[in-house]
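In: Got a predicted structure here, sequence first:
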Amino acid sequence: MDAGRVAVIAPPSGYDMPFGPDRAAILSTFRPDAEAWEARGFDVTQTMPSDAHHAVVVLPRSRTLARGLMAEAAVVPGTVAVDGQKTDGADSLFKEVRARLGALPTITRDHGRLFWFEGGTDALDDWRLAGPSEGPEGFVTQPGVFSEGRADAGSALLAEGLPDKLPAHVVDLGAGWGYLSRAILAREGVERLDLVEAEARALDCARRNVTDPRAVFHWADATTFTPDAAASAVVMNPPFHEGRAGAPDLGRAFIAAAAGMLAPTGRLYCVANRHLPYETTLRERFRDVEERPGTPAFKLYVASRPARGNRLA
């Protein structure tokens, strides 16, 4: 790429960035990644900079989102580079773009593929993202969010297992597009609900799904979020993947964060895939841990009395 501002779209925090902060602007909707790039001195935004001359698209797992990001990048007048893993569909997307634009230069290495084309084209316009839309269950979702279109089975189990009455201040940690938040607000006793979600696309949907004035929305990393007052309950269905790789440490970090934001008598309501080894972390962070009836695929926990030193207050 010759001189000019480069918009780098959706790079994870560990991406091997070929440009410095003086040349690249980062487009990121995932809060931990955005914070990491900001800490390195990069400008971070969620919209295409008006002065972008080139673009780099780092392919996400969602095919629809990947197409949409390429269509967004195609408006730049210079070069558009697409960088992705074959396991995330880079090969098939390369073939789709080639079918529309003709022969394209490409490099393959290990499990990845890089290809590029000249921007300023409308050939990908029909791939542009339409934005949030209502699914068959009446919830608004969009491409690139967890459990797009309908609630996942773990969240449904947790929603059903919540007590009829909850305390005044509840945190939905990793709230996604708001399925559990709606269930929480349907319970008696709730006066405030903090929805904490790292993916801005999901949080945009949550704002449409949860219109109750008791809801407060936070674009934040759930593992580092600190409420302005200790919570009485935390409800969560923590993620256990980063990309395609299993990451049980992420769920453990959610548990530690929950313990840290709860009041001394606070409770955690948590669902987890049955194969995930969270029991040790739960018993390290809480004095009382109860496993309630679940399903062959999911475990349901209620943990109370966070251990001294873990609590916010």
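Out: On my side now, so go ahead. Quick caveat: nothing in here was measured; it's all calculated off a predicted structure. Numbers count the residues shown, from 1 in each chain.
In: can we go C-alpha only for contacts and neighbour counts from here?
Out: Fine.
In: all strands in the stretch 101-250 of the chain, in order from the N-terminus.
Out: Remark: strands assigned in the stretch 101-250 of the chain by DSSP state E, counting those that start in this stretch are 106-109, 112-118, 133-134, 140-141, 169-173, 192-197, 215-219, 231-236, 241-242, 245-246.
In: Make TSV out of those strands and add distance to Leu162.
Out: Shown next, in TSV, are those (distance: least, CA to CA, whole Å):
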stretch	distance to Leu162
strand 106-109	48
strand 112-118	44
strand 133-134	25
strand 140-141	23
strand 169-173	12
strand 192-197	15
strand 215-219	18
strand 231-236	9
strand 241-242	25
strand 245-246	27
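In: Which of those strands sits closest to Ala73?
Out: Among these, the nearest to Ala73 by CA to CA is strand 112-118 (10.3 Å).
In: If you count residues, where's the longest strand of this protein?
Out: strand 262-273 (DSSP state E).
In: need the next SSE after that one, C-terminal direction.
Out: Next helix or strand after strand 262-273 toward the C-terminus (DSSP states H and E): helix 279-285.
In: So which residue is dead centre in this protein?
Out: Closest to where the C-alpha atoms of the chain average out (CA atoms, centre = their mean) is Glu199, at 3.6 Å.
In: My guess is that one contacts Arg31. True?
Out: Yes: counting by CA atoms under 8 Å, Arg31 is a contact partner of Glu199 at 6.4 Å.
In: in the sheet, who's paired with the residue nearest to the centre of the chain?
Out: Beta-bridge partners of Glu199, counted by DSSP bridges, are Phe30.
In: In contact with it, which residues?
Out: Thr29, Phe30, Arg31, Val145, Gly176, Trp219 (CA atoms under 8 Å, 6 or more residues apart in numbering).
In: for Gly119, same thing?
Out: Contacts of Gly119 (CA under 8 Å, 6+ apart): His54, Ala73, Ala74, Val75, Val76, Pro77, Gly78, Thr79, Val80.
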